[in-house]
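Participant: Need coordinates for the below:
(3 chains)
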Amino acid sequence: MRKSKHIAAIALVASFGLIAAACGSDAKTSNTAAPSTTTGGTMAATTTPGTTGGTTGGTMVKGLKLGIAFDTGGRGDGTFNDSAGRGADKVKSTLGATVDELEATTADDRQPNLTTLTGNGDNPIIAVGFAFGDALAKVAAANPTTDYACVDGYYDNATPNVAFLSFAAEQGSYLVGAAAALKSKTHHIGFIGGQEIDLIKTFEAGYIAGAKSIDPTIKIESQYLGAAGDNNAWTSPDKAKEIANGWYKAGADIIYTAAGGSGAGTIAAAVESNAWAIGVDSDQYLSAKPDEQKHILTSMIKRVDSAVFEISKDFASGTFKGGVHVYDLKTDGVGYSTSGGYLDDVKDKLDAIKADIISGKIVVPTKVA
Amino acid sequence: MTGDALAVELKGIEKRFPGVIANHDVNLKVRAGTIHAIVGENGAGKSTLMKTLYGMHQPEAGTIIVDGVQHVFRSPSDAIAAGIGMVHQHFMLADNFTVLENIILGAEPATRGVISFSTARTKIEALMDSSGTHVNLDAPTSDLGVGQRQRVEILKVLYRGARILILDEPTAVLVPQEVDELFSNLHRLVADGATIIFISHKLDEVLTVSDDITVIRAGTTVAEVKPDEVSRLQLAELMVGSELPSPHGRTSTVGTDVRLEVRNLSVAGPGDKRLLDDVSFVIREGEVLGVAGVEGNGQFELCEAILGQVHPIHGTVLIAGDDVTSTAPHFRLVNGLSYIPFDRHREGLLLDAPLWENTLLGRDADEKFLRGPFINAAATRADCREVIAAFDVRTPSEVVPAYALSGGNQQKLLVGRELSSHPRVLVAAHPTRGVDIGAQAAIWEKLRLARDQGLAVLLISADLEELIGLSDNIVVMFDGRINARLTPAEATPELLGTYMTGGLQEIAS
Amino acid sequence: MSTPEPSTMPLSTATEGIMNPGTNDSIWTRLVRPTSGQSVLITLASSVAAVFIAMIIAGLLLLVTGKNPIDAYGKMLHAGLTPVKLVEAMQRATPLIIAAVAVAIGFKMNLFNIGVEGQFLIGMFFAAVVGAKVHMAAPLHVTFVIIIAMIAGAAWSGIAAYLKVKKGVNEVIATIMLNSIALSVIDWLFTSYFRYQSSASLDVKSKPLPKTAWMPVLFTVTSKTGRSTQHQTLTSFVLIALLVVVLFWLVVYKSKFGFRLRASGYNAVAARTAGISSSRMIVVAMLMSGAVAGLAGLPYLLGESHAYGPSRPDGYGFNGIAVALLGRNHPAGIIAAAFLWGFLDSVSAPLQIAKLPQSIVLVLKAIILITVVIVNEVVGRRVAKRTADRTAAQLALPTAAVAA
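Facilitator: Modelled structure (predicted):
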């Protein structure tokens, strides 16, 4: 009987694991509703990033059906995916579109989800995350009459119905790095990354370069939450909190975290240690609780929401263009937030740096030196 | 005290399990203040009947009368309330409690939730004096031997106020001296007014200790006799319903070739202790060497060392003259060694597997069961059917799982498996333990037949009668050593009992 | 080895046999083995019944949360029972079949290989990087890559086997730790030595395998709705997965080696007594399990991505445990359970589009798993009891006759 108890126990644990996973994913969907609606209004409708320009002419497509394919994690991370979600919400409210959202639970869901959206008649379809590359290549090639966009993604020899929404995250990170160096009293700051992948390394590279440009001797801690491919890295706030608390104790006073939902851990640590956290992708001040807001110095903003909205609008007005769309400081595709007003004293300096980046005077590295 | 008042009367008890009638038309009269033995083969329905009396299940028909009052027992607590207590065959004690805690467990004298240990102690000490059943109340239960554990169980039952005690096979686990002590305690209890119902299939004990004997066969009571009215053989025949063979009466078939030789064999134990200490003997073809001893005195280690399951720190094992000391168990098994293990469930059988896979176990190196790398299922099943037929295994077919068979039939299958590979040496540990008399006789017969054909047998048994009856020579093991060597003619249960408990033989061999 | 306790020797009677049908029974050995008292039909029927019970429970949950379960299941079937989705289910089932076989090999001898996850990742990684380094003819190249994956997977599980046999480390703990070590080792090797930057893509991969190492698509089903086309391909690796199942059946259920493996699983002490070396069986079973596990990533590697990268799939190992449990380690059961899992995964997307919570799929999976285990345990006990009863009844209780 002992063994059968064993097995029953394992089955129980496995089942509860699955149920917990199910609850987790639902919880995420529900608790994002608030930030996405409140921030909708604050999004600068005037930002017109991308190479397509701000064309508003042409006939708008009636009954626009936008498909959004999130990668694993999906809405509720407070950062990247939520930003894309806000873009979709705006498409819905402004352009009167219907929006179909699919979230991948495993890597094997990516291609079927794109296929399903395609079959459902959604057009355009936006894949949120670079990992959709392989899947998108196959689905887009098979459906030339549907237009696709991929946030952060790129692959060679793409068909003309695919737009790549590419963000110069290193530029925004350079600015928040400079802000951190300007505001740090201990000359000691930190960076926490999610998966150790090239995308996140551009955040780290920009941040370090920006900080060093202000204070060449500043001490910068850096750590990743998981190896490349370790999807838990995006959903481990406990891990981020532990690292952040350690650094705060060791004397760091500002930590920038580019790790999706894990970033909440850094904010919690900042509250406990009465230090600063820097948010990522979305303006995390806006979705934070009041006690947390006092500890969010700024956020590196990656305007995935604008990109999603613009590409949808282009499609609606018949001006969709494939190829790479770059979102950088010049087009306000990336930037930093000033919510809370904690950067008011250094804003002039930051804006000067921003101007230098835009003019090409400063070239921000994408790899850590 | 012995009068004609009935402590327990059962009338027309019938108990059915799905597909089986375990008891039918059972009538039992137990006189107050007597020791009443219930004898029968395993499977005859003794345990079922006692479970009925103790309220562990409800009969389909019949009445239970205790001290003249008719009862319906819905649970053991009803039976306890009526003054019935049961000492199970398997002790149910919490090892990490003291004796005192175990005795009062479930019936703690408490005032407002606080256990009064002193009240309990006073009461138990009085019980110990009146019953002559003594045990150290403060000892941790894990330190107790089997005999002491049994005393704790008896005290537990008495503590709950039982005046009618059911003892299920109480002597199965005791050495002869402990049995004597138990019996004298039982007599004191009876003298004190208690009534004992004593379940056993050891007929000598039954004849010695009981006032009345009821025989159960095939689920029903077939006879009630007095011990001075019947002989042992008559009683046995009442139990099985026909005439019986005995282990005695045969001529020696000991040959000259040495089949198994063990020289100065020692097995290390924890610390400096040796579990097996300098053991030497030879067994020739056609010879049965009996090993007597209280369990845990090195018999298991001896078997393990002969089989190659443990590495001896010293000594040699030779099978038919070949030194196999450094070979793997499998090598020895395919080279003429067979083994009937101590515990058939634990070491011998795949209970969930069908019988034909059970008979294959350990014999799968034999080409006749194989077709290339695959098992030849047809041949294996045919072979199993042969074992079933030859060893009279009662089963509908060879595909039923082993757990479905009764203990005796499982054992016959096991013995059949081990003998059908035609071994040269058989190590047989308790070959008939826990099997009914019919199966026991069959197994004895088969062992004797194999021995006649030259098989050398190392027979380890707690059944002294079996040991004396089957062996050509007997050694007694105590504390890992052989401390006596004798012939069956010299061996009496009393003498063996003395050696088994550490008494030394005066003449060294 | 200690001496067996004298008091544990049960003097079994027919009725005791009924009450206590076995002391060494493990659920999979008992339930997976129809020959020992349980017919295939009962096994199948109880599994199907368990799935239905799970659907009812999940339906009630849906009802409580204000969704119409009939509607939800209707959508599920409507969306799922289309050629595209059925092929998708089979495509998804392919790695699960392999992973479940790997798990089942361990289960058959009571070894809990929780490390299939790490083993399959290691297998996939080495297959990708070693396979990309060589050039050979197509059939040879594919075979070579498959062998590399198996060796790598076996080597990884071999560590756990070594730890268990030589150091007494429980395989559950060892394999769980090796799962996370595998991730780190792969990450280190990948970022340090095997990154292959071919384009501006952030989705970095190892050097692609030459075309000679690609597995062809077995077939593609296409469905056109309006302007859009749905393609679903089935990678030919599914044939290898089925071959693995057949070999599993032959080796574990039919061979002498498999008999010894199962005997060790039924009762390790009895197997040891019969001369079957338990350490050797542990090592061989773990190596076999790891070798099979190494294959689970190949449908993706050889059929889809042709290179290793962090965006590769994961979770096959853990889902493989569920599938093995659900399929009761039986070859046909594993295929059916893997297909069911693939089917449920494939209808997740249509459910989301229909605004039904995708978590219904996860909840359903969890409840199915637990009901199957419970129902099987109950049915198993019933069958065991009935077998014992019938055996006793057929023997007509009086067994007093003495052997001649």
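Participant: Show me what the helix or strand bottoming out on mean pLDDT in chain B is in contact with.
Facilitator: Counting by mean pLDDT, DSSP states H and E, chain B has its least confident helix or strand at strand B:110-111, which shows a mean of 73. The set of residues that contact strand B:110-111 without belonging to it, under Cβ atoms under 8 Å, 6 or more residues apart in numbering or on different chains, is B:S116. For the C-beta atoms, the positions are set from N, CA and C on the backbone; glycine is no exception.
Participant: what is the rounded mean pLDDT of the helix or strand following that strand?
Facilitator: For strand B:110-111, the succeeding helix or strand toward the C-terminus, using DSSP states H and E, is strand B:114-115. Looking at strand B:114-115 alone, the average pLDDT works out to 81.
Participant: partners of strand B:114-115, with directions?
Facilitator: According to DSSP bridges, strand B:114-115 forms sheet pairs with strand B:110-111 (antiparallel).
Participant: Which positions in the helix or strand harbouring C:A89 come out as buried?
Facilitator: Element membership for C:A89 (DSSP H and E) is helix C:83-107. Buried residues in helix C:83-107, counting neighbours by 16 or more other Cβ atoms under 10 Å in any protein chain shown, are found at C:84-107.
Participant: domains of the chain?
Facilitator: Unless you meant another one, I'm taking chain A. As recorded under automatic domain parsing, the domains making up chain A are A:51-168+A:305-327, A:169-302+A:334-359.
Participant: if you could check chain B rather than the one you did, that'd help
Facilitator: Domain assignment of chain B by automatic domain parsing yields the ranges B:6-240, B:245-336+B:423-509, B:346-422.
Participant: so of those domains, which one's packed in deepest?
Facilitator: When you average the neighbours per residue for each of the domains of chain B (mean count of other Cβ atoms under 10 Å in any protein chain shown), domain B:346-422 leads with a mean of 21.
Participant: Could you report the neighbour count for residue 211?
Facilitator: Going with chain A. Burial of A:A211, expressed as a neighbour count using other Cβ atoms under 10 Å in any protein chain shown, amounts to 28.
Participant: To clarify, I was referring to chain C.
Facilitator: By the other Cβ under 10 Å criterion, the neighbourhood of C:K211 contains 9 residues.
Participant: Ok, A:G341 next?
Facilitator: That count, for A:G341 with other Cβ under 10 Å as the rule, works out to 8.
Participant: ok so, going back, can I get the domains of chain B in a markdown table including distance to C:V379?
Facilitator: Converted to a markdown table, the domains of chain B look like this (distance: least, Cβ to Cβ, whole Å):
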| stretch | distance to C:V379 |
| --- | --- |
| domain B:6-240 | 16 |
| domain B:245-336+B:423-509 | 30 |
| domain B:346-422 | 15 |
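Participant: Tell me which of these lies nearest to C:W214.
Facilitator: Distances from C:W214 to each of the domains of chain B were compared by Cβ to Cβ, and the smallest falls on domain B:346-422, at 33.5 Å.
Participant: Figure out how far the closest one is from the centre of its chain.
Facilitator: For domain B:346-422, the distance from its own C-alpha centre to the chain's C-alpha centre is 24 Å (Cα atoms, centre = their mean, to the nearest Å).
Participant: And stretch C:72-85, by the same measure?
Facilitator: Taking Cα atoms, centre = their mean, one finds the center of stretch C:72-85 at 25 Å from the center of the full chain.
Participant: What residues sit buried inside that stretch?
Facilitator: For stretch C:72-85, a neighbour-count test (16+ other Cβ under 10 Å) marks C:A72, C:Y73, C:K75, C:M76, C:A79, C:G80, C:T82, C:V84, C:K85 as buried.
Participant: ok and the host helix or strand of the second one relative to helix C:83-107, angle-wise?
Facilitator: For C:Y73, the host element (DSSP H and E) is helix C:69-80. Relative orientation of helix C:69-80 versus helix C:83-107 (axes from the mean of the first three to the mean of the last three Cα atoms, to 10 degrees): 100 degrees.
Participant: does helix C:69-80 come close to chain A?
Facilitator: No. With Cβ under 8 Å from any Cβ of the partner chain as the measure, helix C:69-80 is seen stopping short of chain A, the closest distance being 8.6 Å.
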